[in-house]
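> what follows is a protein structure lacking sequence information:
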Ligand SMILES: [Zn+2]
């Protein structure tokens with residue numbers, strides 16, 4: 001028995017997912033469609049600089 005639990009982790013959705021943006025300050029990832037719904041491009045922390053991230057290719061890179 002497994003309930004459908006929608007998660008924001010986009011691992012195998014090549015086409016249906018739009019571009020994601022990651023906040024440069026706190027790292028919160030927001031989808032592009034979510035950003036466009038906002039009155040202004042702004043993170044929840046108030047920062048306004050985002051970097052583009054690609055949701056389909058989720059690779060865990062440990063660099064330490
Ligand atoms: Zn932020």
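Nice, thanks for sending it over. For clarity, every value in this text was computed on a predicted model and none was experimentally measured. Residues are numbered from 1 along each chain as shown.
> strands of the chain, residue ranges please.
With strands called from DSSP state E, the chain shows them at 20-23, 29-31, 50-53.
> can you name every helix or strand that the worst-scoring helix or strand of the chain on mean pLDDT contacts?
Ranked by mean pLDDT, DSSP states H and E, the weakest helix or strand in the chain is helix 32-37, scoring a mean of 87. Applying 3 or more Cβ pairs under 8 Å, 6 or more residues apart in numbering; DSSP states H and E, one finds that helix 32-37 contacts strand 20-23. The C-beta positions use only the backbone N, C-alpha and C, and glycine is treated the same way.
> okay, now residue 20: neighbour count?
21 (other Cβ atoms under 10 Å).
> excluding sequence neighbours, find me the nearest residue to residue 33.
In this structure, residue 33 finds its nearest non-sequential neighbour in residue 18, 5.4 Å apart by Cβ to Cβ, 6 or more residues apart in numbering.
> pull up the residues of this structure that are close to the ion.
Neighbours of the ion within the chain, by Cβ under 5 Å from the ion: 23, 25-26, 28, 43, 45, 47.
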